[in-house]
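Q: quick one: sequence and predicted model below, then my questions.
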Amino acid sequence: MWEVLTQAHMEIYQQLEAEADNNYYSESAPPNEATQVISGLDFLVDGRNMMGKRITVNDCNISYASSSSVSCAILSKGSVVGQLMIDSKTSDRDGLRRALERCSGFERSPTCRASVTGTVYDLFKELGVKNSEILGMKDATFHWTSN
């Protein structure tokens, strides 16, 4: 099973990289509207019920930032238990720039901790993969916990 997931993640990553070659980034920030604030663990448990909704995940460890995607690693008792993939091309430019500068690998430091607000979507479905859900976030804004 892990081999299938790893292969699927690589295919998604390659497709996202190809799309990112267009150098398209959202010019405007997402609308400022009320959002539900949840923990990363709650997102992992209930995220499928939030498709299309604008939410804030309040405890992301930002990692593996690239021009196509950024990972919000979700920790429990010091171990990564899941992740939320953030679409780089629709993220706020300043937040993405900081993620690229400071969090391109897996960094467990205060400079890579953030809350992230955005719209939940099914990343696999959008890429044409059927019968599988990998949740992502579009139009994301990073709210960094430290300078």
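A: That came through, no problem. Nothing here was measured: the structure is a model prediction, and the numbers come from that model. Residues are numbered from 1 along each chain as shown.
Q: can we go C-alpha only for contacts and neighbour counts from here?
A: Will do.
Q: hey, where'd the strands end up in the protein?
A: Counting by DSSP state E, the chain has strands at residues 36-38, 54-63, 69-76, 79-87, 113-122, 135-144.
Q: what would the ones you listed look like in CSV with mean neighbour count and distance to Asp94?
A: Formatted as CSV, the strands of the chain follow (neighbours: other Cα atoms under 10 Å; distance: least, Cα to Cα, whole Å):
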stretch, mean neighbour count, distance to Asp94
strand 36-38, 15, 22
strand 54-63, 24, 14
strand 69-76, 22, 14
strand 79-87, 19, 14
strand 113-122, 23, 13
strand 135-144, 22, 9
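Q: quick check: the closest residue to Val80 other than its chain neighbours vs Gly95, distance?
A: In this structure, Val80 finds its nearest non-sequential neighbour in Ile74, 5.6 Å apart by Cα to Cα, 6 or more residues apart in numbering. Using Cα to Cα, to the nearest Å, Ile74 is found at 18 Å from Gly95.
Q: next one: Gly118
A: To Gly95, Gly118 is 13 Å away according to Cα to Cα.
Q: quick check: neighbours shared by these two?
A: When contacts are counted by Cα atoms under 8 Å, 6 or more residues apart in numbering, Gly118 and Gly95 have Thr141 as shared neighbours.
Q: quick one: residues contacting Ile55.
A: Going by Cα under 8 Å, 6+ apart, Ile55 touches Thr35, Gln36, Val37, Ile38, Thr117, Gly118, Thr119, Val120.
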